[in-house]
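**Q** Let me see the structure of the following:
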Amino acid sequence: MEKTRSQNAKRNILFGYIAQVGICILSFIGRKIFLGFLAVDYLGINGLYTNILTVMSLAELGVDTAVVYSLYKPVADHDTKLIHSMIVFFRRIYWGLSLLILVLGLLLIPFLQYLIKSDIPHDDLVFFYVLFLINTVASYFVAERVALLSAFQEQRVQKLVTLAFNLVLQITYIAVLIIYRNYYAYVIAMVINTIMTTIALGIIAGRLHPDIFREKELVPFDKKPVIDRIKDTLLYKIGAVLINSTDNILISVLVSTAAVGLYANYVTVVSAITAFIAIITTSLIAGIGNLGVKEGKEKQKDLFFMMVFAYHFVAALGLIGFSLLFNDLIALWVGEEFRFDFKTVVIIAVNFYLPNAVSPVWMFREANGLFDDVKYLLLIRAALNLVFSVVFGMLWGVFGILLATTVSMILTNFWFEPSLIFKKLFASGAGAYWRVQLKYLLITAVSFTVSMFAIKPLGDSLLMTGLKGGLIVIITTAFFVVTCFKTDEYKKLKGYLVRRR
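**A** Residues are numbered from 1 along each chain as shown. So this is what the prediction gives:
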């Protein structure tokens with residue numbers, strides 16, 4: 001079973017990286033061409049509508065986590081009849097949510113004028129919004145089948161399908177922008193791609209697990225724990241979406257829609273790196289859940305501390321690299337006029353660093369189904385984030401809105417969830433966790449300082465930017481290895497990587 005978990009995770013990560021590299025390359029080319037042929041306001045609209053509809057579709061985010069968790073045990077037990085019955089039940093939930101989101105999305109149209117500061121004609125803004133809404137709703141129609149792939153640790157299938165259609169989409173984007181210079185065609189291509197991807201995923205999931213979808217008999221199962229789990233995680237995810245998807249809305253309202261376009265360039269880079277990390281994360285969560293079902297808690301604890309070390313190292317690289325190289329990259333990629341000031345760049349980097357440094361905490365919480373204890377936590381954080389964003393945004397603009405995200409996290413999840421994990425899952429205090437995190441924080445701070453002075457004499461050409469990046473990786477890696485090579489976490493991670501080559 002452990003070998004199967006590792007093999008599945010390894011295949012998911014490999015295929016996920018192949019997909020992500022292809023998508024990233026074309027996305028960066030497409031963004032460059034986008035800004036070459038369309039006004040930055042259209043890029044702002046793109047980011048704003050994506051955030052609005054992420055908020056509108058927040059119900060699905062909660063359902064998805066609960067659905068996958070609910071499927072772990074029947075999948076581990078190879079209970080085909082129960083899996084089929086649960087899939088039918090989940091399909092009804094997803095379809096109901098898609099109708100709800102369509103209705104809520106249409107009701108929001110009269111309020112768009114208050115969220116957007118742009119010279120783009122209002123009728124065009126409404127048309128673009130309706131297309132984005134259709135795109136969101138279309139993704140629901142085979143959501144239960146995608147969840148089944150995750151429960152079977154087959155995310156690589158989804159990644160390959162997404163890659164195939166995204167490659168076509170990005171090429172279409174580039175062709176449309178060069179030939180037509182038209183945002184209408186750009187958005188229509190996005191909707192068509194989503195519909196085709198959805199259809200393909202549904203067909204492939206059916207062919208991979210024909211025994212499940214050939215089943216006709218619906219066996220009874222206790223729906224109450226599943227519904228309770230959905231409700232609990234829904235409340236948590238509502239808060240998560242309100243935190244992660246309202247920055248663009250607030251920037252548009254308090255600053256300008258064009259500022260959303262500037263921020264979108266930074267988000268594109270951060271999202272590309274985050275997507276690579278997410279490939280590992282999503283591949284591991286199903287394995288952690290399976291480990292929780294089949295093995296004891298001690299194995300999970302060992303894995304947890306190894307992952308804390310690995311994720312904090314990656315977070316440190318991101319913090320230092322983004323802070324010191326972001327504006328060089330933006331200038332080389334889309335032009336100096338699209339850069340933010342240094343303090344705004346640093347807070348963007350901090351908002352990458354903190355969530356990634358504590359990623360293993362929420363990964364183990366979700367994999368072990370600890371939804372009830374945190375269901376109100378992110379709602380509290382979302383409320384704090386909104387208040388801080390408005391106040392800080394009025395004072396300091398984009399920097400203030402992003403600073404609010406940092407402050408609200410430190411006041412809530414950052415300290416509460418680790419204590420919960422150790423109490424509920426490992427039956428111990430979280431002192432050991434905080435000691436290692438403090439140690440890694442100090443290593444990160446020293447690495448940041450040394451890197452900053454080491455790259456200061458270098459220029460900002462493409463070659464020099466690459467050299468700066470190399471120095472940052474070498475310096476940060478050296479400090480983490482030298483200070484941690486005797487620890488169990490380092491030895492286990494090294495042994496795991498060597499063993500899995």
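
**Q** When you work out contacts or count neighbours from here on, use the C-alpha atoms and nothing else.
**A** Will do.

**Q** now residue 184, what's its secondary structure?
**A** Classification of residue 184 using DSSP: H, G, I helix; E, B strand; the rest coil returns helix.

**Q** And for residue 426?
**A** coil.

**Q** what about residue 318, how many neighbours?
**A** A count of nearby residues for residue 318, using other CA atoms under 10 Å, gives 22.

**Q** confidence score at it?
**A** We have a pLDDT of 97 for residue 318.

**Q** cool, and residue 492?
**A** For residue 492, pLDDT reads 84.

**Q** Give me the neighbour count for residue 221.
**A** Neighbour tally, residue 221, other CA under 10 Å: 11.

**Q** just residue 191 next, same as before
**A** Residue 191 has 20 neighbours, counted by other CA under 10 Å.

**Q** Same check on residue 281?
**A** Residue 281 has 18 neighbours, counted by other CA under 10 Å.

**Q** Just read off the phi/psi values of it.
**A** Main-chain dihedrals, residue 281, degrees, to the nearest 10: phi -60, psi -50.

**Q** so how far is residue 143 from the nearest residue to it once chain neighbours are set aside?
**A** Of all residues not flanking residue 281 in the chain, residue 363 sits nearest, at 7.5 Å (CA to CA, 6 or more residues apart in numbering). As judged by CA to CA, to the nearest Å, residue 363 and residue 143 stand 21 Å apart.

**Q** And for the host helix or strand of residue 364, what's in contact with it?
**A** According to DSSP states H and E, residue 364 maps onto helix 359-367. The contact list for helix 359-367, computed with CA atoms under 8 Å, 6 or more residues apart in numbering, reads 65, 69, 281, 285-286, 288-289, 292, 304, 307-308, 311, 371, 417-418, 421.

**Q** Neighbour-wise, give me the winner out of those residues.
**A** residue 286 (27 neighbours).

**Q** May I have the phi/psi pair for the closest residue to residue 298 other than its chain neighbours?
**A** Counting by CA to CA, 6+ apart, residue 426 is the residue found nearest to residue 298 once chain neighbours are left out, at 7.6 Å. Dihedral pair for residue 426: phi -110, psi 0, per degrees, to the nearest 10.

**Q** How about the contacts made by residue 426?
**A** By CA under 8 Å, 6+ apart, the residues touching residue 426 are 297, 298, 301.

**Q** where along the stretch 201-350 of the chain do the helices fall?
**A** For the stretch 201-350 of the chain, the helices defined by DSSP state H, counting those that start in this stretch occupy 210-214, 223-244, 247-254, 257-294, 297-333, 342-357.

**Q** what's the distance between residue 208 and residue 148?
**A** 11 Å.

**Q** Could you count how many residues lie near the residue nearest to residue 281?
**A** Neighbour count of residue 363, defined by other CA under 10 Å: 19.

**Q** before we move on, what about residue 113?
**A** Residue 113, neighbours per other CA under 10 Å, totals 12.

**Q** For it, pull up the helix or strand it's in.
**A** Counting by DSSP H and E, the element that carries residue 113 is helix 112-115.

**Q** for residue 82, same thing?
**A** Applying DSSP H and E as the criterion places residue 82 in helix 80-107.

**Q** Quick one: low-confidence residue ranges for the chain.
**A** Along the chain, segments meeting pLDDT under 70 span 1-16, 18-19, 55-62, 155, 286, 289-296, 498-501.

**Q** I'd guessed residue 50 sits against residue 132; true?
**A** Yes: Residue 50 sits in contact with residue 132 when judged by CA atoms under 8 Å, with a separation of 7.4 Å.

**Q** Pick out whichever of the two has more residues nearby.
**A** Between residue 50 and residue 132, counted using other CA under 10 Å, the more crowded position is residue 132 (22 against 19).

**Q** Could you measure from the more buried one over to residue 45?
**A** 11 Å.

**Q** Equivalent analysis for residue 430, please.
**A** 43 Å.

**Q** who's more crowded, the two?
**A** A side-by-side neighbour count of residue 430 and residue 45, using other CA under 10 Å, places residue 45 first with 25 against 16.

**Q** With adjacent residues omitted, what lies nearest to the more buried one?
**A** residue 257 is the one closest to residue 45 (CA to CA, 6+ apart), at 6.9 Å.

**Q** before we move on, what about residue 429?
**A** That would be residue 422: by CA to CA, 6+ apart, it lies 5.8 Å from residue 429.

**Q** Surely that neighbour is in contact with residue 430?
**A** Yes: assessed by CA under 8 Å, residue 422 is found in contact with residue 430 at 5.7 Å.

**Q** Give me the phi and psi angles of the residue in the chain sticking out farthest from the centre.
**A** When distances are taken from the C-alpha mean of the chain, residue 217 lies farthest, 36.8 Å away, according to CA atoms, centre = their mean. The phi/psi pair for residue 217 (degrees, to the nearest 10) reads phi -80, psi 130.

**Q** quick one: the spatially closest residue to it that is not a sequence neighbour and residue 273, what's the gap?
**A** Once flanking residues are discounted, residue 217 sits nearest to residue 81: 7.1 Å by CA to CA, 6+ apart. Note on residue 81: its distance to residue 273, by CA to CA, is 39 Å.

**Q** Same drill for these two, tell me which one is more crowded.
**A** Neighbour comparison, residue 81 and residue 273: the larger count goes to residue 81, with 20 against 15 (by other CA under 10 Å).

**Q** Is that one in contact with residue 215, as I believe?
**A** Yes: using CA under 8 Å, residue 81 is in contact with residue 215, at 6.7 Å.

**Q** if we can go back for a sec, pick out whichever of residue 208 and residue 148 has more residues nearby.
**A** Taking neighbours as other CA under 10 Å, residue 208 and residue 148 compare with residue 148 leading, 22 against 13.

**Q** Against residue 63, how distant is that one?
**A** According to CA to CA, residue 148 stands 13 Å off from residue 63.

**Q** For the residue nearest to residue 45, which residues are in contact?
**A** If you count contacts by CA under 8 Å, 6+ apart, then residue 257 has 41, 44, 45, 48, 116, 117, 118, 251 around it.

**Q** May I have stretch 145-159 exported as CSV, CA atoms only?
**A** Presented in CSV, the C-alpha positions along stretch 145-159 are these (Å, rounded to 0.1, in the frame of the first residue of the first chain):
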residue,chain,number,x,y,z
ARG,A,145,-15.9,12.6,-11.7
VAL,A,146,-12.9,14.9,-11.2
ALA,A,147,-13.2,14.3,-7.4
LEU,A,148,-13.2,10.6,-8.1
LEU,A,149,-9.9,10.9,-9.9
SER,A,150,-8.4,12.7,-6.9
ALA,A,151,-9.7,10.0,-4.5
PHE,A,152,-8.0,7.4,-6.7
GLN,A,153,-4.8,9.5,-6.7
GLU,A,154,-5.1,10.0,-10.5
GLN,A,155,-4.7,13.7,-10.7
ARG,A,156,-2.2,13.2,-13.5
VAL,A,157,-5.1,12.3,-15.8
GLN,A,158,-6.7,15.6,-15.1
LYS,A,159,-3.4,17.4,-15.6
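
**Q** what distance separates it from the middle of the whole chain?
**A** Stretch 145-159 has its C-alpha centroid displaced from the chain centroid by 16 Å (CA atoms, centre = their mean, to the nearest Å).

**Q** Done for today, thanks.
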